[in-house]
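J.: okay, predicted coordinates and the sequence, questions at the end:
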Amino acid sequence: MLEQNTLGELKEGLLSEKIKLEKDIDKIAIKTDEGYKAKVEDLGREEDDNAEEMEKKEAAQGLIKVLSDNLNEVDEALERMEAGTYGHCANCDEEIPIERLRAYPAATSCVKCHE
């Protein structure tokens, strides 16, 4: 079982990561009911401009997907902390080693189950 001070440190790290991810997403996206939509400047009406806009939008959407997936993992880890299940493997229910949690605080599985 994780000690309270260790759990507090991990929670602090997760909260900092959450803030960073939210700021990163806010720079490139607008939140909608369906999730996040890329902010892309209108470059004009020419066909080449539209192609460039689409290319930028697709690249931004890919980055938004990665960032929002990471944000969801962080939120889920914080929820597990509140529920008292944080630090236990979702597959085998064994404790996840503290070294793994320090390296990847949103981990849901031990190294053995992850492989």
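T.: Structure received.
J.: now residue 108. Nearest residue, chain neighbours left out?
T.: The shortest distance from residue 108 to any non-neighbouring residue, by Cβ to Cβ, 6 or more residues apart in numbering, is to residue 90 (4.6 Å). For every residue, glycine as well, the C-beta is placed using N, CA and C.
J.: can you confirm that neighbour is in a helix?
T.: No. With DSSP: H, G, I helix; E, B strand; the rest coil as the criterion, residue 90 is coil rather than part of a helix.
J.: partners of the least confident helix or strand in the chain by mean pLDDT in the sheet?
T.: Using mean pLDDT, DSSP states H and E, strand 35-38 stands out as the lowest-scoring helix or strand of the chain, at a mean of 85. With DSSP bridges as the test, strand 35-38 is paired with strand 29-32 (antiparallel).
J.: count the residues that sit near the residue nearest to residue 108.
T.: Neighbourhood size, residue 90 [other Cβ atoms under 10 Å]: 13.
J.: one more: residue 19?
T.: 11.
J.: same check on the one 10 residues further on?
T.: Neighbourhood size, residue 29 [other Cβ under 10 Å]: 19.
J.: specify the beta-bridge partners of the closest residue to it other than its chain neighbours.
T.: Leaving out its chain neighbours, the residue that sits closest to residue 29 by Cβ to Cβ, 6+ apart is residue 36, at 3.9 Å. Beta-bridge pairing of residue 36 under DSSP bridges involves residue 31.
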